[in-house]
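Visitor: output the structure for:
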Amino acid sequence: MEREEEPLSARPALETEGLRFLHVTVGSLLATYGWYIVFSCLLLYVVFQKLSARLRALRQRQLDRAAAAVEPDVVVKRQEALAAARLKMQEELNAQVEKHKEKLKQLEEEKRRQKIEMWDSMQEGKSYKGNAKKPQGEDSPGPSTSSVIPKRKSDRKPLRGGGYNPLSGEGGGTCSWRPGRRGPSSGG
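Guide: Residues are numbered from 1 along each chain as shown. Predicted structure coming up:
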């Protein structure tokens, strides 16, 4: 047993020197460039994550393309679904057009009816404007947005006097604009 203990006691001295040397070099390296190493490792990690995600997406696209090229049934089904969606949208658009045409037709009929009423009231010698608007109010109990005439509010105070005209150049302010001289410029 004594033989085995002698070489073991000689080894730790060499290992201790190696560990000391390693500790000194690594310690000084970390003390000098530690933060740079940490930030570069973080940057490499982030770049690796981004690149791996892009590579995964690229592989998935390639697999999808290959699967679509190999399976014509999938392509046919996709085209049929697209055609069905387009047809549905076209039918909705056609329905909206029909509703709009019907609305325009009703408005045209209303205008024609008003003109007839106006003509009849003129033939009778009555004021056609007053009579033409009364039946419209009777037909529709609520006010309609197309035939409402906005009333002028006379109780408001005007912002400026009645004689103010901003284009005249008069009435207010010390600034007055005058056009430049006509004719060739006499520079220089």
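Visitor: may I ask which helix or strand encompasses Arg112?
Guide: Per DSSP states H and E: Arg112 is located in helix 72-124.
Visitor: what packs against that helix?
Guide: Contact partners of helix 72-124 among helices and strands, from 3 or more CB pairs under 8 Å, 6 or more residues apart in numbering; DSSP states H and E: helix 2-70, helix 128-139. C-beta coordinates here come from the backbone N, C-alpha and C atoms, glycine included.
Visitor: domains in the protein, by residue range?
Guide: 15-70, 72-125 (the TED database).
Visitor: want to try TSV for these, with mean neighbour count as columns?
Guide: Output for the domains of the chain, formatted as TSV (neighbours: other CB atoms under 10 Å):
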stretch	mean neighbour count
domain 15-70	10
domain 72-125	11
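Visitor: redo those domains as a markdown table? Include distance to Arg182 and mean pLDDT.
Guide: Below are the domains of the chain laid out as a markdown table (distance: least, CB to CB, whole Å; pLDDT from 0 to 100):
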| stretch | distance to Arg182 | mean pLDDT |
| --- | --- | --- |
| domain 15-70 | 67 | 88 |
| domain 72-125 | 53 | 93 |
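Visitor: how about these in TSV, adding distance to Arg181?
Guide: TSV is the format used below for these (distance: least, CB to CB, whole Å):
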stretch	distance to Arg181
domain 15-70	66
domain 72-125	56
